[in-house]
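Asks: how would this look folded up:
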Amino acid sequence: SSKTPQESSLSHRERSIVDNLNADQDATTKIQYLTLEDALLVPLEKHKVLDNYMDNQEDDPVLRKYLIFGVHWVSLITEHLLSHPFIVLRRQCQVYNASKSYHLHPLGLLPSIVHLHRRQGVGTLWKGVGSCLLVHGMTLAIDDVISKFSNGSREVDSRTPWRRFGQHVALKCLSIALVAPFHAALLVETVQSDIASEKSGLFDVFREGSLRLIQWRSPKSGRMLPAWALMGPSVTFGITKYLFNLVIHGVSSRIMRRRMTLALDVRGRRKGDTALEQQNAEIYASLIATLTTEVIFFPFETILHRLQLQGTRTIIDNLDNGCAVVPILTNYQGFADCYRTTIVTEGACGLYKGFGAVILQFAAHVAVIKLAKWTVNQITAATSKRPTPRIVQYYSI
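Replies: Sure, this is the predicted structure:
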C-alpha cells in the first residue's frame, strides 16, 4: 500500500532521530576512551565541548558516599585512638614536678620512648586506652540524657539564638562537672607505671571515679583534694577550652570553605567533588582548632592534672631516662598555689613540660590525614570517568 505524505514525513523523522542517537552514542564512546595521544590530535577549539561533556559525568554516588564515610572515620580513629600514646607521654611529663628534662621538643622524648619499649614492651604507651574510650562514651551519653530532659541543644552554630546558646553552655558545664571525677581516675590509669602498679581492670575507672564523687568532702588520702575543690577548676577549664575551640573551629571552617569555593571556581571541578572537599575542609578546620586550643590551654591543663593526681600515691615512669620509676609527692593547696609553686621551682617552662609530645601527636595526625587524602584521590582518579591528562592542562592554558 502507498504511504501518505504525512506517514512518509514521520518515517523520515524517526529515521533521522535514530541516526542522531547512534551518532551521539558513537561519539560518546570515542570520547570516553580518548587517550592523551588522540587528544593531542583534536583541535583545541573542540576541547571545550569535550570538557563540558566530561563535567556532566558524575562519579558513582555510592562510591563517593563510602569515601566520605571512610575519611570521617579515619579522622575519628586518629583523634581518639592513634593519639593515645602521645597523650600518655604528655601527661606523664606534666605531672612529674621534679623532672630535670622538660621535653619541650620531640627529640628529647625519643630516647625515653625507646627505653620504655625495651623495658616494658609496646603496650606501655597504650595503658588506659579502654578507659579513655569508656569515659568519652559516658560523656556523650550524659550530654544526650541531659539535653533530652532539659530540652537543651547539643550542637550550636553561628545561627543559634542566644537563649539556646546559654542553655547549651549550662548543659556542658553540668556534663563536665559530672564527668570530672572520672577524668581524674582516668588520669591515674594513663600515667601510672605498668611495672610498679597493679594493672587496672576495664571498669575500674567507673569505680574509682564514683568513689571520688561520693567522697565529696572527706577524701581517702590526706593530701588528696576533695571533689568540691576540684570541681570549680575542672568546670572553668573545661567550658573555657570548649568555647575557645568552638570559636576557632567556626573561623577556621569559614576560611577553609571560602578557599574551597574559590578553588572550585578557578579549577572548574564537578559538583560531585564538593562533598569530599567539604569533608577535607571540615577535618582541617577541626585540626586547626584542636591544635590552637591545646597550645593555649596547655599550662592550665598541667596545673589541673597535678591537682587531680595529688594524694593518689601514683608511681610513674621517669621520662628523664625511661629506665626508672618515681612517686608523685606534692602538697598543693589549690589552683593558685600550684601555679605559684610551679613558677618558683620550675620556671615558666615548667608549665609546658611534655609539649614535645603534642608536636609528635599532631605531626602524626597530619601525616595520617595526608595519607587518607592521597588514598582517596587515587581511588577517585582510578574510578572517575574523566580522563586524567586533559589537553588544556597539557598546554598550561
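
Asks: who are the neighbours in contact with Leu116?
Replies: Thr124, Leu125, Asp317, Gly322 (CB atoms under 8 Å, 6 or more residues apart in numbering). Just so you know, the C-beta spots here come from the backbone N, C-alpha and C atoms, and that holds for glycine as well.

Asks: from Tyr102, how far out is it?
Replies: Distance, Leu116 to Tyr102, using CB to CB, to the nearest Å: 18 Å.

Asks: isn't Val88 right next to Gln192, touching?
Replies: No - assessed by CB atoms under 8 Å, Val88 is found out of contact with Gln192, at 10.3 Å.

Asks: which one of the contacts of Leu116 sits closest to Leu110?
Replies: Gly322 (9.9 Å; CB to CB).

Asks: measure Val205 to Ser253 for me?
Replies: Taking CB to CB as the criterion, Val205 is separated from Ser253 by 33 Å.

Asks: next: Gly121.
Replies: Distance from Gly121 to Ser253, by CB to CB: 41 Å.

Asks: between those two, who's got more neighbours?
Replies: Ser253 (20 against 11; other CB atoms under 10 Å).

Asks: and the helices in the stretch 51-200 of the chain?
Replies: 61-77, 84-95, 109-120, 129-150, 162-191 (DSSP state H, counting those that start in this stretch).

Asks: equivalent analysis for the stretch 201-350 of the chain, please.
Replies: Taking DSSP H, counting those that start in this stretch, the helices of the stretch 201-350 of the chain run over residues 204-214, 227-267, 274-309, 335-346.

Asks: can I get the ones you listed in JSON lines including distance to Phe362 and mean pLDDT?
Replies: Compiled in JSON lines, the helices of the stretch 201-350 of the chain are given as follows (distance: least, CB to CB, whole Å; pLDDT from 0 to 100):
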{"stretch": "helix 204-214", "distance to Phe362": "26", "mean pLDDT": "87"}
{"stretch": "helix 227-267", "distance to Phe362": "14", "mean pLDDT": "86"}
{"stretch": "helix 274-309", "distance to Phe362": "5", "mean pLDDT": "87"}
{"stretch": "helix 335-346", "distance to Phe362": "24", "mean pLDDT": "94"}
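
Asks: which of the ones you listed sits closest to Gln167?
Replies: Closest to Gln167 of the helices of the stretch 201-350 of the chain, according to CB to CB: helix 227-267, at 13.5 Å.

Asks: follow-up on the earlier one: overlap in contacts of Val88 and Gln192?
Replies: By CB under 8 Å, 6+ apart, the residues touching both Val88 and Gln192 are Lys127.

Asks: which of the residues in the helix or strand where Leu371 lies are buried?
Replies: Applying DSSP states H and E as the criterion places Leu371 in helix 355-383. Neighbour-count burial for helix 355-383, counted by 16 or more other CB atoms under 10 Å, picks out 355-362, 365, 368-369, 372-373, 376, 380.

Asks: which strand residues bridge Asp317?
Replies: Taking DSSP bridges, one obtains Val325 as the residues bridged to Asp317.

Asks: mind checking pLDDT for it?
Replies: Model confidence at Asp317, given as pLDDT, is 92.

Asks: need the contact list for it.
Replies: Counting by CB under 8 Å, 6+ apart, Asp317 makes contact with Gln92, Leu116, Gln120, Thr124, Ser193, Ala324, Val325.

Asks: repeat the analysis, applying 10 Å as the threshold.
Replies: 88-89, 92, 96, 112, 115-116, 119-120, 124-125, 191-196, 323-326 (CB atoms under 10 Å, 6 or more residues apart in numbering).

Asks: now do Glu79
Replies: Each residue near Glu79 by CB under 10 Å, 6+ apart is listed here: Ile283, Ser286, Leu287, Thr290, Gln361, His365, Val368.

Asks: confirm for me that the last one is in contact with Leu76.
Replies: No - using CB atoms under 10 Å, Val368 makes no contact with Leu76, being 11.2 Å away.
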